[in-house]
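Novice: Here is my input; please provide its structure:
(2 chains)
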Number of protein chains: 2
Amino acid sequence: MKLKLFVDRLSQPCRAILIFCKMNEIEFEEVRIELSKGEQLSPEFKEINPMQKVPAVKVDERFRLFESHAILRFLAGAFPGVADHWYPADLFKRGEIDSVLDWHHANLRHGSAGLVFHSKLARLSGRPLDLRAAADCEKVLSASLAKIESVWLKEEGQFLLGNSKPSIADLSLVCETMQLEALDEKVRKRLLDPHEKVRKWMDDTRNATQPYFDEIHGVLFQVKDKLKEMESDE
Amino acid sequence: MKLKLFVDRLSQPCRAILIFCKMNEIEFEEVRIELSKGEQLSPEFKEINPMQKVPAVKVDERFRLFESHAILRFLAGAFPGVADHWYPADLFKRGEIDSVLDWHHANLRHGSAGLVFHSKLARLSGRPLDLRAAADCEKVLSASLAKIESVWLKEEGQFLLGNSKPSIADLSLVCETMQLEALDEKVRKRLLDPHEKVRKWMDDTRNATQPYFDEIHGVLFQVKDKLKEMESDE
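Specialist: Residues are numbered from 1 along each chain as shown, chains lettered A, B, ... in the order given. Coordinates of the predicted model:
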């Protein structure tokens, strides 16, 4: 199968898919869609994803799919050689991973993506910051990190649900928490410092997916520097 | 397998699961958790779902699962005799249904559940209405209904993605749009009138899942009457 990934590495769900493909030796062509330039709004890209968001994929020039969790589930099933721990065939184990993935949307994702966008990334595309919306999102994010610490991470096992190997849920959620790198260091520390298990899990997931994890996250650190420059120019 | 469903029929994802089980002759025990009385916050229920939300399920007194889409996927796979159209085994068809289910969270679900709660249902548990939050959610809801009309519903096929039979995505999304019954009639009409295909799809999904659809939605109409009474008493 010929796979095209339409992605921006500044988008956390895009990074999860890129790391997943590299870890599992799935060959792909990376088509960059720059969100800060609004490239996702072009008529050409609307043909790929009518919702005008990244990530999106095209398989053999005929099948299109979007929504990162749907893509991860699809890739895990459609490409041979993906180890079972990423998205287990066992219905009970799979159900639990689906439960984390579904919980993610209205919780960690909503809080983290909203906070980072409204308090930082909006600048990159020339849009105004919205500190009221950012504060609302920060509350959701704090509550979500506490739930990961107390519910999803267990005493046994390094990964979510007490698993000994990472699943697509670990990848998706850790790429999301990595987005907090774009925040001011003191805000990021305030959010993450109370959650020792979360920090260890982020490290463990990073270590389990090297060297790709650092390679794919490189652009995030560049943007962090760029945001700092923009702020010091004000 | 012995299945217990912890539900409140006023919750749209709970209704989707109840209708799914009845349509597929899956036997279950219904345990009512009344949200308006805060029963989801009890220590006993926290043992079932640490996130303290409905729906949740217990299988054979040992396996617990929450998040409605994860539950629907699990039930479709774990119980024999569920027709393939609900959640197809074919990875391409399944991927598209997953895409709708994942899209739902931050779009139709976020908009509809937020609007109905902040402008109406908060009253039932004695909480204040929040009309600013309701207005934000209404914008998300309007955009989501427009996307269902223009992207997810096709010329061919009565159901989402152009399918000729309903999937778990149709059930989940239609139960969500049914929640708009709790709104004032003129608001509901303003939201749904521009979307002829959406209204037809709601009717088609209802007709394809009778008599259970009406049976399970009965309580919603009772609440609609109760809300009207509360408002006329003011």
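Novice: what about whichever strand or helix holds residue A:16, distance to the chain center?
Specialist: Secondary-structure element containing residue A:16, defined by DSSP states H and E: helix A:12-23. Average the C-alpha atoms of helix A:12-23, do the same for its chain, and the two points are 8 Å apart (CA atoms, centre = their mean, to the nearest Å).
Novice: export the lengthiest helix in chain A as PDB, just CAs?
Specialist: Scanning chain A for the helix with the most residues, using DSSP state H, yields helix A:212-232. Taking C-alpha atoms only, helix A:212-232 is exported to PDB below (Å, rounded to 0.1, in the frame of the first residue of the first chain):
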ATOM      1  CA  TYR A 212      12.100   9.000  16.100                       C
ATOM      2  CA  PHE A 213      10.500  10.800  19.100                       C
ATOM      3  CA  ASP A 214      13.200  13.400  19.200                       C
ATOM      4  CA  GLU A 215      13.600  13.700  15.500                       C
ATOM      5  CA  ILE A 216       9.800  14.400  15.000                       C
ATOM      6  CA  HIS A 217       9.700  16.800  17.900                       C
ATOM      7  CA  GLY A 218      12.600  18.900  16.700                       C
ATOM      8  CA  VAL A 219      10.400  21.500  15.000                       C
ATOM      9  CA  LEU A 220       8.500  22.100  18.300                       C
ATOM     10  CA  PHE A 221      11.700  23.200  20.000                       C
ATOM     11  CA  GLN A 222      12.500  25.500  17.100                       C
ATOM     12  CA  VAL A 223       9.000  27.100  17.500                       C
ATOM     13  CA  LYS A 224       9.500  27.500  21.200                       C
ATOM     14  CA  ASP A 225      12.600  29.600  20.400                       C
ATOM     15  CA  LYS A 226      10.700  31.600  17.800                       C
ATOM     16  CA  LEU A 227       7.900  32.400  20.200                       C
ATOM     17  CA  LYS A 228      10.400  33.600  22.800                       C
ATOM     18  CA  GLU A 229      12.000  35.900  20.200                       C
ATOM     19  CA  MET A 230       8.600  37.300  19.200                       C
ATOM     20  CA  GLU A 231       7.800  38.000  22.900                       C
ATOM     21  CA  SER A 232      11.200  39.600  23.600                       C
END
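Novice: how far off helix A:12-23 does it point, in degrees?
Specialist: Relative orientation of helix A:212-232 with respect to helix A:12-23: 150 degrees, computed using axes from the mean of the first three to the mean of the last three CA atoms, to 10 degrees.
Novice: Show me which residues of helix A:212-232 are buried.
Specialist: The neighbour-count criterion (16 or more other CB atoms under 10 Å in any protein chain shown) identifies A:212, A:213, A:216, A:217, A:220, A:223, A:227 as the buried residues of helix A:212-232. C-beta: built from backbone N, CA, C; applies to glycine.
Novice: ok, now stretch A:87-97?
Specialist: For stretch A:87-97, a neighbour-count test (16+ other CB under 10 Å) marks A:87, A:88, A:91, A:93, A:94, A:95, A:96, A:97 as buried.
Novice: so who does residue A:152 touch?
Specialist: Shown in contact with residue A:152 (CB atoms under 8 Å, 6 or more residues apart in numbering or on different chains): A:100, A:160, A:161.
Novice: Switch the residues you listed over to a markdown table; also include neighbour count, distance to residue A:69 and pLDDT.
Specialist: A markdown table is the format used below for the contacts of residue A:152 (neighbours: other CB atoms under 10 Å in any protein chain shown; distance: CB to CB, whole Å; pLDDT from 0 to 100):
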| residue | neighbour count | distance to residue A:69 | pLDDT |
| --- | --- | --- | --- |
| A:100 | 24 | 10 | 98 |
| A:160 | 23 | 14 | 98 |
| A:161 | 17 | 16 | 98 |
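Novice: can you tell me which of those residues are in helices?
Specialist: With DSSP H as the criterion, helices contain residue A:100 from among these.
Novice: Which of the contacts of residue A:152 sits closest to residue A:57?
Specialist: When these are compared for distance to residue A:57 (CB to CB), residue A:100 wins out at 21.7 Å.
Novice: what's the spacing between the closest one and residue B:26?
Specialist: When CB to CB, to the nearest Å is the yardstick, residue A:100 and residue B:26 sit 24 Å from each other.
Novice: overlap between the buried residues of stretch A:87-97 and the residues near chain B?
Specialist: Under the cut-off given by CB under 8 Å from any CB of the partner chain, chain B has A:91, A:94, A:95, A:96 from these close to it.
Novice: now the residues you listed as TSV including distance to residue A:134 and pLDDT?
Specialist: Putting these into TSV (distance: CB to CB, whole Å; pLDDT from 0 to 100) gives the following:
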residue	distance to residue A:134	pLDDT
A:91	40	98
A:94	35	98
A:95	34	98
A:96	32	98
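Novice: Most widely separated two among those residues?
Specialist: Put simply, by CB to CB the two of these set farthest apart are A:91 and A:96, 9.9 Å from each other.
Novice: and the residue lying closest to residue A:131 once chain neighbours are set aside, how far is that from chain B?
Specialist: For residue A:131, the nearest residue in space outside its immediate sequence neighbours is residue A:119; the separation is 6.7 Å by CB to CB, 6 or more residues apart in numbering or on different chains. With the distance defined as CB to the nearest CB, to the nearest Å, residue A:119 ends up 18 Å from chain B.
Novice: residues from chain A in reach of chain B?
Specialist: By the criterion of CB under 8 Å from any CB, the positions of chain A lying close to chain B are A:50-51, A:63, A:65-71, A:73-74, A:77-78, A:91-92, A:94-96, A:98-99, A:101-103, A:105-106, A:109-110, A:147, A:150-151.
Novice: Only whichever of those residues are buried, select them in PyMOL.
Specialist: When burial is assessed using 16+ other CB under 10 Å, the buried subset of the residues of chain A next to chain B is captured in PyMOL by this command:
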select buried, chain A and resi 51+63+65+66+67+68+69+70+71+73+74+78+91+94+95+96+98+99+101+102+103+105+106+109+110+147
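Novice: Return the subset of the residues of chain A next to chain B lying in strands.
Specialist: For the residues of chain A next to chain B, membership in strands holds for A:63, A:65, A:66, with DSSP state E as the criterion.
Novice: how about JSON lines for those residues, with distance to residue B:192 and pLDDT added?
Specialist: Conversion of those to JSON lines gives the following (distance: CB to CB, whole Å; pLDDT from 0 to 100):
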{"residue": "A:63", "distance to residue B:192": "32", "pLDDT": "97"}
{"residue": "A:65", "distance to residue B:192": "29", "pLDDT": "98"}
{"residue": "A:66", "distance to residue B:192": "26", "pLDDT": "98"}
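Novice: Between the residues you listed, which sits nearest residue B:190?
Specialist: Compare each of those with residue B:190 using CB to CB and the shortest gap goes to residue A:66, at 29.3 Å.
Novice: Identify the bridge partners of the closest one.
Specialist: Taking DSSP bridges, one finds residue A:56 as the beta-bridge partners of residue A:66.
Novice: Compute the distance between it and residue A:16, please.
Specialist: For residue A:66, the distance to residue A:16 under the criterion CB to CB works out to 14 Å.
Novice: All set now, cheers.
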